[in-house]
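Student: I would like the atomic coordinates for the input below:
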Amino acid sequence: MDRPSLSQGLRQRGEQQLALAPRMLQSIEVLRIPACDLESYLEQVAADNGALVLGPPQEASPAAGQHSSFAPGTRGAGREATERHDEMLRNHPAGPASLSEQVALQLADLGDDDELTPWLHFLLGCLDEAGYLSVSDERLLELAAESGLTPDAGLLGLAIARLQTLEPRGLGARNAIEALLLQLEPSDPDYADLCRLLEDFLEELAQNKLPAVARAMELDMPGLQTLLTRLGGLEMRPVAALAESGAEAIRPDVLVDWTGSGFEVRVDRSAFPAVSVDEEIKALARRPDQEREARDWFRQRLDQARWIVEAVEQRGRTLLRVSRALFHHQRAFLEEGPGHLLPLRMHKLAQDLGIHVSTVSRTVSGKHVQTPWGIFPLRHFFQAAGGTEEPGGAVAARGDVRDEVRRVVEAEDGSAPLSDDAIAAALSERGRPLARRTVAKYRRELGIPSSYRRRRFD
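Tutor: A predicted model of the protein is given here:
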């Protein structure tokens, strides 16, 4: 029998690689997708390929090969961590009601016979995502007529005024300035000055022209600073914490629990449907009376479906493996709490696992973990991503360096605040060399304004 030529061997190898490429790409794509998006992705694939069957999601309880346990480093540490967390939850108030729930409770107090009640419900539906009533009165009357209300400018005005007395304060404002004004109390001794600042001096305040504002209002600088502090406590977006259009609740991909003998790491499979290959299409592909073209079509669909099933399983295995190694390193976090994170780089974890760092990055990208201390992004546990190399190769965690930036700013002379270059120089003197751009980045993350805006006029 003739042996295959070199050219035939190379051609066969190339064909195998071409066949493998879509399979690898599928696996990489599925690994990257967080649980909250995986369901819609699988639904789209199933809609395009009838050979892929979606079933009910698996329970969050451990599935074979999808969980792992390890004992705590200190006897009783895990139990103590869980007890501290449970105590924290018992003492923590329940989450806030939605905007609709809060307003509905307040509207119920008005009584069903109040002629403004239907108008208030109507106006609630006209609020934008910030809680503003940004539509003109003319347009509101048109919309009211379309919703079955009898247009009445007088009732509309009364309803808007009533809406603006409800909580959260600022609800129904026409713009940000009115939202701030609605949060002020007329009985406040500083009410007139606060209103004047908002109505007459916003541009000057934005430019930090505080001495000019103080002179115009006949105030000394400490008095003006007190008023500005008061304004800083107001909310420009009335429903910022309650807006129903905000982000959906985070669905963790990984669960870490204390079991009594150790910490258990699990991959949560309940957030997306189970996947399998359609048995009927399998049978059709095996029928000997099928035409070759039809048989090839079925087999192609079956191959694609098998790739998806395998990719989902591989995603779970990789996510579990990376998560277990991650929390084995961050055991102190599980036992003691968020203040005990250790420096860790992705490439170090990749080396420990014998995989490429890009695999670790894709595995944790966009994914969250539920721990005894709350829900966190998996990337949160790689604290060295923005850190600095210490003498001897040790890595300073990003949070530590940011704290150094904050401390330098807190110690500065308010009348001559430090520039980012000066902060970088101060950090270098403390043994924390950092580029100016990195200083600026950390400063913004900490909510610290620029040196120009930090200047105080005493």
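
Student: make it CA atoms for all contacts and neighbour counts henceforth
Tutor: OK.

Student: Any stretches of this protein with poor pLDDT?
Tutor: 1-23, 58-114, 240-250, 338-339, 383-400, 452-453, 457-458 (pLDDT under 70).

Student: ok, which stretches of it are strands?
Tutor: Taking DSSP state E as the test, the strands found in the chain are 52-55, 67-70, 254-258, 263-267, 274-277, 368-371, 374-377, 388-389, 395-396.

Student: Strand partners (parallel or antiparallel) of the fourth one?
Tutor: Here strand 263-267 is paired, per DSSP bridges, with strand 67-70 (antiparallel), strand 254-258 (antiparallel).

Student: ok, now the first one?
Tutor: With DSSP bridges as the test, strand 52-55 is paired with strand 274-277 (antiparallel).

Student: In CSV, list the C-alpha atoms belonging to the partner strand.
Tutor: Output of strand 274-277 as CSV, limited to C-alpha atoms (Å, rounded to 0.1, in the frame of the first residue of the first chain):
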residue,chain,number,x,y,z
ALA,A,274,-28.6,23.2,30.2
VAL,A,275,-27.4,22.2,26.6
SER,A,276,-27.6,18.9,24.8
VAL,A,277,-27.7,17.5,21.3
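
Student: Contacts for it next, please.
Tutor: If you take CA atoms under 8 Å, 6 or more residues apart in numbering as the criterion, strand 274-277 is touched by 51-58, 302, 305-306, 308-309.

Student: what do you get for stretch 406-415?
Tutor: So stretch 406-415 is in contact with 417-418, 423, 426-427, 443, 446, 454-458, going by CA under 8 Å, 6+ apart.

Student: tell me the angle the longest helix that the chain contains makes with strand 263-267.
Tutor: Longest helix in the chain, counting residues (DSSP state H): helix 292-329. Inter-element angle recorded for helix 292-329 and strand 263-267: 160 degrees (by axes from the mean of the first three to the mean of the last three CA atoms, to 10 degrees).

Student: Use 40 as the first number for this chain going forward.
Tutor: With 40 as the first residue, the last one maps to helix 331-368.

Student: and the protein, what are its domains?
Tutor: Annotated domains of the chain cover 61-107+290-418, 223-272, 427-493 [automatic domain parsing].

Student: want to throw those into CSV with distance to Arg213?
Tutor: Below are the domains of the chain laid out as CSV (distance: least, CA to CA, whole Å):
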stretch, distance to Arg213
domain 61-107+290-418, 35
domain 223-272, 14
domain 427-493, 28
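
Student: and of these, who's closest to Gly164?
Tutor: Between Gly164 and those, the shortest gap by CA to CA is with domain 223-272, which sits at 25.0 Å.

Student: ok so, going back, for the domains of the chain, which one ends up most surrounded?
Tutor: Across the domains of the chain, averaging neighbours per residue (mean count of other CA atoms under 10 Å) puts domain 61-107+290-418 on top, at a mean of 18.

Student: among the domains of the chain, which is nearest Pro157?
Tutor: domain 223-272 (27.4 Å).

Student: End to end on that closest one, go ahead and measure it.
Tutor: 11 Å (CA to CA, to the nearest Å).

Student: related to what we said a few turns ago, could you find which two of the contacts of strand 313-316 are furthest from each other?
Tutor: Gln97 and Leu341, at 22.6 Å, using CA to CA across these.

Student: and of the domains of the chain, who's closest to Ala198?
Tutor: Per CA to CA, nearest to Ala198 of these: domain 223-272, 20.1 Å.

Student: what sits against the residue nearest to Arg325 when sequence neighbours are not counted?
Tutor: Distances taken as CA to CA, 6 or more residues apart in numbering put Arg334 closest to Arg325, at 7.6 Å, once the chain neighbours are dropped. By CA under 8 Å, 6+ apart, the contact list for Arg334 reads 323-325.

Student: Show me the residues you listed that map onto helices.
Tutor: Applying DSSP H to those, the entries found in helices are 323-325.

Student: ok, of these, which one's closest to Thr477?
Tutor: For the ones in helices among the contacts of Arg334, the nearest to Thr477 is Ala324 (58.7 Å; CA to CA).

Student: Report the separation between that closest one and Glu332.
Tutor: As for Ala324, its distance to Glu332 is 11 Å (criterion: CA to CA).
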